[in-house]
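Novice: need a structure here:
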Amino acid sequence: ALRVARTLARAAVAVAPPRVAPTTPMRSPVAAMASRAAKTASSSASLDPSQSSVMSPIPRAPSDGATKTQLLVVTTPALMSSNPLARLRGDDDAMPSDRFDIHVGVELGDFPRDVLEAREGPPVAVLWWFGDAKVMGEILAAPCASSSSSPSSSSRGDGSSHAPSERDGRVAWLHSGSAGVEHILAVPRVRDAVAPLTNARGAFSASLGEWALFASSWFAKKVHAMRASQAKGEWMRDTVGMLQGKTMSIVGYGDIGRACAVRAKAFGMKVVALRRDPSKSAGDAAVDEALPLSELRRAMAEGDFVVLALPHTPETEGLIDASMIASMKPTGVLVNVGRGAVVDEDALVDALTREKIKGAALDVTATEPLPAGHAFYALENCLMSFHCADLTEDYHELTMTTFIRHARAYVGEEEGDDVAWNVVSKEKGY
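Specialist: Below you'll find the model as predicted:
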């Protein structure tokens, strides 16, 4: 443990500055991805999840300190009396409970009618706490989400100031308890809302970074073969690999990607970070080389371990196709801690079946739960964790801490440039 701690310290201060490759025009087949992006966003869309963090201010509570924001929490029956929700009501001194009237419900009818039906009154905030996302849409269809008066200036979902339209109403802020928001944005009224949406980005990155290194070690140390011999009661002798000196290519260098990188450097690995704007990695001690997305094929070809930390958007869907998988080393391992839909799973099954790559470690799949009988279950060179890599014992506590940080900033208890909001770009999908 002491050696690991020392290695972590060295990784933080002694790693040479990363080589930052210039951004170049995308080349085929990545050009196809760029074409899809152009159709889904008016500006240049990004695969860099960290770009969704925008400095304050976005919404702000009324400055008089007396007007309470109506916080509507959409949850499940099982979570109604959970400890994290108790923190909202005053069990956590960090939560400015005196600035909110908190209403917790499962269905629209659980929330006070006077809050939902009043077009004028105190601001409304909505926290999605693992309930039915459609209820968020129903709240946004209620009179509280429309206004007959001329409201004052507020902020758009991208953080920019604007004069709100009729649909703004009293709804000032939306927050997702999860980092992934595709299920919430699938609700049209949420996707089209002018009120800004924030999420839990960063709450689970440490666990996902640990799992990426665990999965890499699993294949390097031939754990599966050793477990098989143990189960048979047979002694075995075989060589094992090392992570030290190997290359980890991280596709999608946001908060999760960096959590993987910091841990990879502690093991003595070379880290290549792939992101839309590689200049953002200048001075990052966890990165040896930063590349633009046009170098995706090169990064996959050079990586001993290729870690995918991408969100699911129209731009990224199916990005890791048969040709990209074919560019990997025969000894390469694909690790996915992002979203399953970014991978062509038929192509991956084919590559694993024919042993064109060493293996795949999948925390996520395109369809969840994965249907019974799917080929991934039977493949010995496929390690699965069933979307549990971030499901820590304190999962809900971690994401509640992230929400409380936002709530404190909302009421003005955290000020200055250090206040970062996890603003979701509804257009980009993350």
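Novice: How are the helices of the stretch 151-300 of the chain distributed by residue range?
Specialist: Per DSSP state H, counting those that start in this stretch, the stretch 151-300 of the chain carries helices over the ranges 182-185, 188-191, 205-220, 223-232, 255-266, 296-302.
Novice: I'd like those helices as CSV, with mean neighbour count and mean pLDDT appended.
Specialist: Every residue, glycine included, has its C-beta placed from N, CA and C. Formatted as CSV, the helices of the stretch 151-300 of the chain follow (neighbours: other Cβ atoms under 10 Å; pLDDT from 0 to 100):
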stretch, mean neighbour count, mean pLDDT
helix 182-185, 18, 94
helix 188-191, 16, 96
helix 205-220, 21, 98
helix 223-232, 12, 97
helix 255-266, 26, 97
helix 296-302, 20, 98
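Novice: beta partners of the residue nearest to Val424 when sequence neighbours are not counted?
Specialist: Leaving aside its sequence neighbours, Val424 sits nearest to Leu197 (Cβ to Cβ, 6 or more residues apart in numbering; 4.4 Å). On the basis of DSSP bridges, Leu197 is bridged to Leu174.
Novice: for Leu197, what are its contacts?
Specialist: Gly157, Leu174, His175, Ser176, Val181, Ile184, Val190, Val423, Val424, Lys426 (Cβ atoms under 8 Å, 6 or more residues apart in numbering).
Novice: Can you give me the distance of Glu368 to Gly340?
Specialist: Going from Glu368 to Gly340 by Cβ to Cβ, to the nearest Å gives 7 Å.
Novice: ignore the last one, Ala195
Specialist: 29 Å.
Novice: So those two - more neighbours on which side?
Specialist: Of the pair Ala195 and Gly340, Ala195 is the one with more neighbours under other Cβ atoms under 10 Å, namely 26 against 18.
Novice: Spit out the contact partners of the residue nearest the centre of the chain.
Specialist: What sits nearest the mean C-alpha location of the chain, by Cα atoms, centre = their mean, is Ala179, with 4.5 Å. By Cβ under 8 Å, 6+ apart, the contact set of Ala179 is Asn199, Ala200, Arg201, Gly202, Ala203, Phe204.
Novice: Turn the residues you listed into JSON lines, columns for neighbour count.
Specialist: Putting those into JSON lines (neighbours: other Cβ atoms under 10 Å) gives the following:
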{"residue": "Asn199", "neighbour count": "26"}
{"residue": "Ala200", "neighbour count": "22"}
{"residue": "Arg201", "neighbour count": "27"}
{"residue": "Gly202", "neighbour count": "22"}
{"residue": "Ala203", "neighbour count": "26"}
{"residue": "Phe204", "neighbour count": "23"}
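Novice: mind putting those in a markdown table, pLDDT included?
Specialist: Compiled in a markdown table, these are given as follows (pLDDT from 0 to 100):
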| residue | pLDDT |
| --- | --- |
| Asn199 | 96 |
| Ala200 | 95 |
| Arg201 | 93 |
| Gly202 | 93 |
| Ala203 | 95 |
| Phe204 | 95 |
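Novice: which of the residues you listed sit farthest apart?
Specialist: Asn199 and Phe204 (11.1 Å; Cβ to Cβ).
Novice: where does the residue nearest to the centre of the chain sit relative to Asp255, distance-wise?
Specialist: 8 Å.
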